[in-house]
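A.B. asks: Sequence first, predicted model second:
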Number of protein chains: 2
Amino acid sequence: MVFLSHWMDISAKVSPAFNFTTSPFLLAQASEASEAQTGPIILAGVLLSLVVIYLSSKLIGEFCARINLPPVLGELIGGVIVGVSALNLLVFPEGGSNGTDAFIIKFLESTAGLSPELAPSVADAISEIISVLSEIGVIILLFEIGLESDLAELIRVGPQAAVVAVVGVAVPFAAGTAGLIALFGVPTVPAIFAGAALTATSIGITAKVLAEIQQLSSKEGQIIIGAAVLDDILGIIVLAVVASLAKTGEIQISNIVYLIVGAAVFLIGSILLGRFLSPYFVALVDRMQTRGQLLITSLIFVFVLSYIGAVIQLEAILGAFAAGLVLAETEKQKELEEQVLPIADMLVPIFFVVVGAKTDVSVLNPFDPNNREGLIMATFLVVVAILGKTVTGLTVFGQPGINRLAIGVGMVPRGEVGLVFAGVGSSLEILSKPLEAAIIVMVILTTFLAPPLLRLVFQKPTEATEAVQ
Amino acid sequence: MVFLSHWMDISAKVSPAFNFTTSPFLLAQASEASEAQTGPIILAGVLLSLVVIYLSSKLIGEFCARINLPPVLGELIGGVIVGVSALNLLVFPEGGSNGTDAFIIKFLESTAGLSPELAPSVADAISEIISVLSEIGVIILLFEIGLESDLAELIRVGPQAAVVAVVGVAVPFAAGTAGLIALFGVPTVPAIFAGAALTATSIGITAKVLAEIQQLSSKEGQIIIGAAVLDDILGIIVLAVVASLAKTGEIQISNIVYLIVGAAVFLIGSILLGRFLSPYFVALVDRMQTRGQLLITSLIFVFVLSYIGAVIQLEAILGAFAAGLVLAETEKQKELEEQVLPIADMLVPIFFVVVGAKTDVSVLNPFDPNNREGLIMATFLVVVAILGKTVTGLTVFGQPGINRLAIGVGMVPRGEVGLVFAGVGSSLEILSKPLEAAIIVMVILTTFLAPPLLRLVFQKPTEATEAVQ
């Protein structure tokens, strides 16, 4: 560090006439004066953010691995530590400020000559770039999950997955809404909204934990993945319904029909079309001569489906998952999986750290009197959230000997999807402060508890089997 | 496409009350209204840009591979075709407009419900994100080059590389400046500036071609890489000198000393420090238990050195190259190289396509009378640029039987570094329009001619050897 700070000093002493912007390569992208001033600093800020993200994900991830907790939990907690709740290292406008008080901006101001006037726009750009990188990260994660899934097995467990998904939406929604009205006297519309927030399932977190404990291709794993994908679609529909209810007081049937038909046609259509086209895909890749032919051709497919998924009001990650499913059926699956692995290693941690970094955990503080009413409602919501999803395992039929508890627990984490409900509710101004805080607490606890719980319930059958032997 | 456009129609018909922004996942990052409106569209635009970049790089790259031209030339030409000069598919403000007339913005307006008012800020964000991705691409490229280089061999050929670099700066600079003054009556300061633009070497393009023809670790390859790295540093110094000359009419010695000392301390220091720390690095990686431990630990090292390289007014890519050199010495080199390969496949094409896309090749049109004066000067500059670098091969001493022509030709491409001189000259308003155009033409031709030329001259010794046997 002596070496570093020494150079920082010299750097600061250089006359302003010859400052950072004259560095040729960094200027390469800039023809406008304003971009010339901020461009290189934005790159420096992004590099620094990635260093912070990787350091926190690995430090806490390794710690979690050592105390037998899932590394992905470490990435989430690492994110919380460097994020808006604690150290405030990374730049995100979610913290209530415009992001310029983040450590990285201060660091850029002292080392890279960032001027305070330019700080807000640089902070904006860095936050935007890291957000998009994290979204590309989750796209790659879902592509990888799809690539490791077995479409035939998914179709085989389809009916069970559908029942799990529907029950996992209906039970928490009904119990949550009724309980909030009956026990806490919450008005109907906010109660319905909070109940809806209980329906989501974060496919990303569950799938990551399943992959970590090598249960992704087990029957339980495939039912969870299938149900989580359906739940994602149901969640979008539920949000559309309650948002339109909250906004207009009525439900627009045409939108619901559009979303359901759109989701079905998109998922089934892209898989059918993909299966039809995949022999041509393999033939094309085999005839290509330049480097990265398989990877780039696959990424084009992934990004096109992600784009379509996004613009038809579904999610980009559903498109990525469908692309993975289709390519998993080709003979290139193994080769592609090996190539996607390091890319996922590089980009996926960005997603989990960013989810943690954007979560404001200060609502969990019981010593703040403002939090108490929310925390009491939160306790109720957490219980409903966990029980309401755990019971779904009981509905699995025709699968004797299956780990029902594992399936139920696999549906528990709400993750980023749950936070969206709180965000939309907040922007529509239909949630009281305590209720909004209660939803956020519910999302945090289900998300952070699910990974260790999931590990625990998946260990059981193995131990039981060992005991029998 | 019928499938796609059908859905686009339906998407357009959906009532504005329930539009794109209600898609839960995409909203996840947004708590502010403005970000909520543009966030998902920016992701969609980035995905679409990547699809365009990958398609063009592979289509033209494959074509080039088939007619025995280097694929990297295909990526540059692919970039020109989709860029500001021709189809204008990608968003870059360099085209003289604010980027909103780019195809991707029009496509987002018609498929993703982007409103014309938001178009400029969305275009800005997409352009910024793609630029940073392309810069991360060239950082990964230089890291990979460093990883494939042999530090001991680089040090062994160091004296030769230094002579090649210095002669390759001095000869084109002197010949270019003198020729412009004597033959074309150009005033002294602009002539010096144009002469300085002749000194640069694009390490990225040369290294990529060398890797493609498996000559990176040959003696010639290592001399070229060593000289190109030194040339990059000399280029930064030359630009600093001529820019301060142009701005103030005098040369600030302190800056030059700072740059030279800084570059030397940074490169030598990071290599020494890296060698000292690398056993601890290997021990640390071996003790880590989570996925991606080697890759993430290495990326932290790469990004930290890149950051330092950038903020001490050198270049991010020099830091990445130094990181690669250090890690190439560890026992993890092979494993790391395999993991970096797919990441480079994914990110490096973005850099070359973006370089091509940002280049306005309309100055090459001889039928435009405005271009003629520039084209005549350009002819002179191109001849000086090629001959001035090619002669450097003759200076290599103590290496009997070495391919001198190949070394000289390897130094020819000016690439993005050359364009920076034109850009800085333009922003300082010291270049006449024809002279600026001439510099751009010189950069384009040396960049685009060098890859095929380099292939040609590297084939010679092999054929000669075969003839002897």
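C.D. replies: Yes, it's here.
A.B. asks: Do stretch A:66-86 and chain B come into contact?
C.D. replies: Yes. Counting by Cβ under 8 Å from any Cβ of the partner chain, chain B is contacted by stretch A:66-86 at A:66, A:71, A:74. Quick note: C-beta positions are derived from backbone N, CA and C, even for glycine.
A.B. asks: Return the residues in contact with the second one.
C.D. replies: If a contact means Cβ atoms under 8 Å, 6 or more residues apart in numbering or on different chains, then residue A:71 has A:61, A:62, A:64, A:65, A:212, B:290, B:291 as its contacts.
A.B. asks: if we go to 10 Å?
C.D. replies: Counting by Cβ atoms under 10 Å, 6 or more residues apart in numbering or on different chains, residue A:71 makes contact with A:57-58, A:60-65, A:78, A:208-209, A:212, A:349, A:352, A:451, B:289-292.
A.B. asks: just the last one next, same as before
C.D. replies: If you count contacts by Cβ under 10 Å, 6+ apart, residue A:74 has them with A:56-67, A:349, A:352-353, A:356, A:451, B:290.
A.B. asks: at 8 Å instead, please
C.D. replies: Residue A:74 neighbours (Cβ under 8 Å, 6+ apart): A:57, A:60, A:61, A:62, A:63, A:64, A:65, B:290.
A.B. asks: so which helix or strand takes in the first one?
C.D. replies: Here residue A:57 is covered by helix A:33-66, with elements defined by DSSP states H and E.
A.B. asks: Show me what that helix is packed against.
C.D. replies: helix A:24-27, helix A:71-82, helix A:103-111, helix A:119-148, helix A:333-358, helix B:119-148, helix B:293-311, helix B:316-328 (3 or more Cβ pairs under 8 Å, 6 or more residues apart in numbering or on different chains; DSSP states H and E).
A.B. asks: quick one: residue A:276 from chain B, how far?
C.D. replies: 11 Å (Cβ to the nearest Cβ, to the nearest Å).
A.B. asks: Also residue A:265?
C.D. replies: 8 Å.
A.B. asks: Number of residues surrounding that residue?
C.D. replies: By other Cβ atoms under 10 Å in any protein chain shown, 15 other residues sit near residue A:265.
A.B. asks: same check, this time on the one 4 residues further on
C.D. replies: Residues within reach of residue A:269, counting by other Cβ under 10 Å, total 16.
A.B. asks: Mind telling me what element it is part of?
C.D. replies: helix A:253-287.
A.B. asks: For that helix, list every residue counted as buried.
C.D. replies: A:255-256, A:258-259, A:262-263, A:266-267, A:269-271, A:274, A:278, A:281-282, A:285 (16 or more other Cβ atoms under 10 Å in any protein chain shown).
A.B. asks: which of these lies closest to chain B?
C.D. replies: Using Cβ to the nearest Cβ, residue A:255 comes nearest to chain B of the buried residues of helix A:253-287, at 4.8 Å.
A.B. asks: surely the closest one meets residue A:242?
C.D. replies: No. The pair residue A:255 / residue A:242 is not scored as a contact, 11.9 Å apart, by Cβ atoms under 8 Å.
A.B. asks: For the residue of the stretch 151-300 of chain A found nearest chain B, list the residues it contacts.
C.D. replies: Chain B sits closest to residue A:292 of the stretch 151-300 of chain A, with a gap of 3.0 Å, by Cβ to the nearest Cβ. By Cβ under 8 Å, 6+ apart, the contact list for residue A:292 reads B:342, B:344, B:345, B:346, B:349.
A.B. asks: Tell me the one of those residues nearest residue B:40?
C.D. replies: Closest to residue B:40 out of the contacts of residue A:292 is residue B:346 (22.5 Å), distances taken as Cβ to Cβ.
A.B. asks: nearest residue to that closest one other than its sequence neighbours?
C.D. replies: Excluding the flanking residues, the one nearest residue B:346 by Cβ to Cβ, 6 or more residues apart in numbering or on different chains is residue A:343, at 5.9 Å.
A.B. asks: distance of residue A:287 from residue B:307?
C.D. replies: Distance, residue A:287 to residue B:307, using Cβ to Cβ, to the nearest Å: 41 Å.
A.B. asks: and if you look at residue A:249?
C.D. replies: For residue A:249 relative to residue B:307 (Cβ to Cβ), the value is 53 Å.
A.B. asks: looking at chain A, which helix or strand does the model trust least?
C.D. replies: When the helices and strands of chain A are scored by mean pLDDT, DSSP states H and E, helix A:2-13 comes last with a mean of 31.
A.B. asks: so residue A:77 touches residue A:62, yeah?
C.D. replies: No. The criterion here is Cβ under 8 Å, and residue A:77 misses it with residue A:62 at 12.0 Å.
A.B. asks: When these two are compared, which one has more neighbours?
C.D. replies: Remark: of residue A:77 and residue A:62, residue A:77 carries more neighbours, 22 against 17, as counted by other Cβ under 10 Å.
A.B. asks: circling back to that earlier point, I'd like to check the angle between the helix holding residue A:57 and helix A:103-111, please.
C.D. replies: 130 degrees (axes from the mean of the first three to the mean of the last three Cα atoms, to 10 degrees).
A.B. asks: Now the element after the helix or strand harbouring residue A:420, going C-ward?
C.D. replies: Assigned by DSSP H and E, residue A:420 belongs to helix A:415-428. Downstream of helix A:415-428, the first helix or strand assigned by DSSP H and E is helix A:433-468.
A.B. asks: what's that following helix packed up against?
C.D. replies: Judged by 3+ Cβ pairs under 8 Å, 6+ apart, helix A:433-468 is in contact with helix A:71-82, helix A:188-197, helix A:203-212, helix A:369-390, helix A:404-410, helix A:415-428.
A.B. asks: Pull out the buried positions in stretch A:173-190.
C.D. replies: Within stretch A:173-190, the residues that qualify as buried are A:173, A:175, A:176, A:177, A:179, A:180, A:181, A:184, A:186, A:190, counting by 16+ other Cβ under 10 Å.
A.B. asks: got it, and stretch A:208-219?
C.D. replies: Within stretch A:208-219, the residues that count as buried by 16+ other Cβ under 10 Å are A:208, A:209, A:210, A:211, A:212, A:215, A:216, A:218, A:219.
A.B. asks: Touching, residue A:99 and residue A:106? I think so.
C.D. replies: No. At 11.2 Å, residue A:99 and residue A:106 do not qualify as touching, with contact defined as Cβ under 8 Å.
A.B. asks: and those two? which has more neighbours close in?
C.D. replies: A direct count of neighbours by other Cβ under 10 Å for residue A:99 and residue A:106 places residue A:99 higher, at 23 against 15.
A.B. asks: which SS class is that one?
C.D. replies: coil (DSSP: H, G, I helix; E, B strand; the rest coil).
A.B. asks: Quick one: mean pLDDT for stretch A:304-317?
C.D. replies: For stretch A:304-317, mean pLDDT rounds to 85.
A.B. asks: for that stretch, how far is the first residue from the last?
C.D. replies: One end of stretch A:304-317 sits 11 Å from the other (Cα to Cα, to the nearest Å).
A.B. asks: repeat for stretch A:115-124
C.D. replies: OK, stretch A:115-124 end separation, Cα to Cα: 14 Å.
A.B. asks: near chain B, anything from stretch A:111-126?
C.D. replies: Yes. Applying Cβ under 8 Å from any Cβ, one finds stretch A:111-126 touching chain B at A:111, A:112, A:113, A:125.
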